[in-house]
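In: Compute the structure for the input listed below.
(one chain, ligands or ions: 2)
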Amino acid sequence: MPKDEANEVVLKVEEIYKSYKGKEVLKGISFEVRKGGVKVIIGPSGTGKSTLLRCLNLLTVPDKGQVYLEGEEITHAKKNIHQFRQKIGMVFQDFNLFDHLTALGNVEIGLTRVKRMNREKAREKAQEELRRVGLEEQASLYPAQLSGGQKQRVSIARTLAMDPKVILFDEPTSALDPELIGEVLEVIKNLALQGMTMVLVTHEMGFARSVANEIIFMEEGKILESGPPAQLFSNPKYERTRQFLHKISELYGE
Ligand SMILES: Nc1ncnc2c1ncn2[C@@H]1O[C@H](COP(=O)(O)OP(=O)(O)O)[C@@H](O)[C@H]1O
Ligand SMILES: [Mg+2]
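Out: Ligands and ions are numbered 1, 2, ... in the order given. Below you'll find the model as predicted:
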């Protein structure tokens, strides 16, 4: 389990608010993630978890509040937004791969287009990232030829290739058949062991328990409570947290 108490703060989120058409979706969210830290965000559907992650890398601009990356405020830094997005990687539920590119092509394209790396170097790095997620041998296959688990691993390799300071995962295994979930969680777990700083939204509580150093329970746009997994799972402060955990364990069998 990552021990991050002494490390520097990589990502700091301060009083984030977001409304859609007058409906408040995020109501003042604050937390910080230290280097090597793994935060898992849990909470009912529609509670603002995806909106929060999108606010962290500015795919969505929050109405109020600040996001800091390594001490630098990025919230309204319009001119550097692309530079910051590279540093805050995002992995989506539905992979978002280019269907017309091979696995290698999908990992390479950000390196040549965004990082302006030359083709040869980009290829080498893309191969290395595919190796890191165990897909060296699938490099020349197209998304249609890959399983869901392999597609998600390509998407993780693509994110890693940008050398992010932190990776955000939005339900990375929710679109997968049950038998494919393990291989993706394994890759994410290895990243945690290698010291990658991560924020994950997931319903995989067994995984959360073994990998996270903090669980955040979100409800209706707010953090109801947070704490180390051992405490939050075994001894939550609020009945609503307990009920949610109970429901999840019935649904997901943990
Ligand atoms: N682009 C959007 N436009 C309007 N409403 C949105 C948009 N994105 C999210 N919402 C609303 O915000 C609420 C929170 O959504 P979301 O962040 O996806 O929750 P979660 O990921 O926890 O399920 C929902 O009521 C959703 O309908
Ligand atoms: Mg969501």
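In: which residues touch the residue lying closest to residue 91 once chain neighbours are set aside?
Out: Computed as Cβ to Cβ, 6 or more residues apart in numbering, the closest residue to residue 91 that is not its neighbour in sequence is residue 169, at 4.6 Å. Bear in mind the C-beta positions are built from the backbone N, C-alpha and C, glycine included. Taking Cβ atoms under 8 Å, 6 or more residues apart in numbering, we find residue 169 in contact with 90, 91, 188, 198, 199, 200, 201, 202.
In: Mind checking which of these land in strands?
Out: Among these, the residues falling in strands (DSSP state E) are 90, 91, 198, 199, 200, 201.
In: now the strands for the stretch 1-150 of the chain?
Out: 9-20, 23-34, 38-42, 64-69, 72-73, 88-91 (DSSP state E, counting those that start in this stretch).
In: give me the low-pLDDT residue ranges for the stretch 1-150 of the chain?
Out: Counting by pLDDT under 70, the stretch 1-150 of the chain has low-confidence residues at 1-6, 77-79.
In: That one against ligand 2: which residues are in contact?
Out: Within the stretch 1-150 of the chain, the positions near ligand 2 by Cβ under 5 Å from the ion are 49, 50.
In: switch the cut-off to 8 Å
Out: 45, 49, 50, 51, 53, 93 (Cβ under 8 Å from the ion).
In: which one of the residues you listed has the most neighbours?
Out: Ranked by the number of neighbours (other Cβ atoms under 10 Å), those place residue 53 first, at 23 neighbours.
In: Now that that one has come up, it's in contact with residue 201, right?
Out: Yes. Residue 53 lies in contact with residue 201 (Cβ atoms under 8 Å); the separation is 6.4 Å.
In: shared neighbours, the two?
Out: 41, 170.
In: Give me the longest helix you can find in this protein.
Out: Counting by DSSP state H, the longest helix found in the chain is helix 178-193.
In: Show me what that one is packed against.
Out: Helices and strands touching helix 178-193, by 3 or more Cβ pairs under 8 Å, 6 or more residues apart in numbering; DSSP states H and E, are helix 148-161, strand 198-201, helix 205-211.
In: one step back: any chance of the strands of the stretch 1-150 of the chain in JSON lines, plus mean neighbour count and distance to ligand 1?
Out: Shown next, in JSON lines, are the strands of the stretch 1-150 of the chain (neighbours: other Cβ atoms under 10 Å; distance: least, Cβ to the nearest ligand atom, whole Å):
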{"stretch": "strand 9-20", "mean neighbour count": "18", "distance to ligand 1": "4"}
{"stretch": "strand 23-34", "mean neighbour count": "17", "distance to ligand 1": "4"}
{"stretch": "strand 38-42", "mean neighbour count": "26", "distance to ligand 1": "9"}
{"stretch": "strand 64-69", "mean neighbour count": "17", "distance to ligand 1": "15"}
{"stretch": "strand 72-73", "mean neighbour count": "12", "distance to ligand 1": "23"}
{"stretch": "strand 88-91", "mean neighbour count": "23", "distance to ligand 1": "13"}
